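Peer 1: could you look at this predicted model? Sequence included:
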Amino acid sequence: GAGVSQSPSNKVTEKGKDVELRCDPISGHTALYWYRQSLGQGLEFLIYFQGNSAPDKSGLPSDRFSAERTGGSVSTLTIQRTQQEDSAVYLCASTLAGSYNEQFFGPGTRLTVL
Amino acid sequence: GQNIDQPTEMTATEGAIVQINCTYQTSGFNGLFWYQQHAGEAPTFLSYNVLDGLEEKGRFSSFLSRSKGYSYLLLKELQMKDSASYLCAVRGSNDYKLSFGAGTTVTVRA
C-alpha cells in the first residue's frame, strides 16, 4: 500500500512492561512524526524526525519514552516501564519536507496498559 | 506556548450547513490545517490556509483571519458520512510542528 502503516493496531500490556510500536512511512517522505491521542484530547506532539538531522524530542513526556528512525525510513517508538496513563492511541505521520505539505497519518496503535 | 480552541460538539441536520470555529494563540504562525477524523481512524487532510481569506474545496471551505487568530471550517450540504471529529491545527514559529485543538465532534442527523 501507499499509505503510512503502523503495527500493532492494538496492544494490551501490563503495567511495568516495555512496549515497542512501529511506523512505516510513505516511501520518499523524509519527515516523520509521532503523536499521542488520549480520549477527549487533541493530538499531542511527541517527536519529529527529518532526514539525517537530530530529531526534535521536545514532546516526549518522560525519559521512559524513546524513538528511533533507522535508515531514514521505519521508526519505532519505545515506552519502557509502561504506566496506566500511557494508555492512548499513538499516531505516526509522514510528510515531504516543507512548510506547505500536509501530514499523512497512519491508522494508529491503541495501547492499553492494565 | 500554543493555545487552540474549538467547540467540543456540534449537531446538524442532513443537507444543512455547519460552521466550526477555531481560535488560536500561538508563538508565530506558519499556516493552519483542518483534518477530519472518523471514529477509530486516522486523521485525513481537508484544507490548508496560510493567507487571509476563504479556500473552497467542493462542499468544504476554510477561512482564515490572521489578525484575529481565527479560522472556520464550513461544511455544506451535510451528509451522514460527514459525522466525524474535525481537528484544527496550527503550525507555529518553526516550519514543521503542528499544535492541534481537541477536535469538534460533528453529528449529522437525518
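Peer 2: Thanks, I have it. Numbers count the residues shown, from 1 in each chain, chains lettered A, B, ... in the order given.

Peer 1: any chance you could map the strands in chain B?
Peer 2: For chain B, applying DSSP state E gives strands covering B:3-5, B:9-13, B:18-25, B:32-37, B:44-49, B:53-57, B:60-65, B:70-75, B:84-91, B:98-100, B:104-109.

Peer 1: format those as a markdown table; extra columns: mean neighbour count.
Peer 2: Placement of C-beta: from N, CA and C, glycine included. Listed next are these as a markdown table, based on neighbours: other CB atoms under 10 Å in any protein chain shown:
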| stretch | mean neighbour count |
| --- | --- |
| strand B:3-5 | 16 |
| strand B:9-13 | 13 |
| strand B:18-25 | 18 |
| strand B:32-37 | 23 |
| strand B:44-49 | 18 |
| strand B:53-57 | 12 |
| strand B:60-65 | 19 |
| strand B:70-75 | 20 |
| strand B:84-91 | 24 |
| strand B:98-100 | 22 |
| strand B:104-109 | 17 |
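
Peer 1: residues of chain A that sit close to chain B?
Peer 2: A:4, A:31, A:35, A:40-45, A:48, A:50, A:56, A:91, A:98-100, A:102-108 (CB under 8 Å from any CB of the partner chain).

Peer 1: parallel or antiparallel, which strands does the lowest-mean-pLDDT helix or strand in chain B pair with?
Peer 2: Least confident helix or strand, chain B: strand B:98-100 with a mean of 91, by mean pLDDT, DSSP states H and E. Note on strand B:98-100: by DSSP bridges, its sheet partners are strand B:84-91 (antiparallel).

Peer 1: show me the contact partners of the strand it pairs with.
Peer 2: For strand B:84-91, contacts defined as CB atoms under 8 Å, 6 or more residues apart in numbering or on different chains pick out A:42-43, A:99, B:2, B:4, B:6, B:20, B:22, B:24, B:26, B:29-39, B:43, B:46, B:71, B:73, B:97-101, B:103-106.

Peer 1: go again using 7 Å as the cut-off
Peer 2: A:99, B:2, B:4, B:6, B:20, B:22, B:24, B:26, B:29-38, B:43, B:71, B:73, B:97-101, B:103-106 (CB atoms under 7 Å, 6 or more residues apart in numbering or on different chains).
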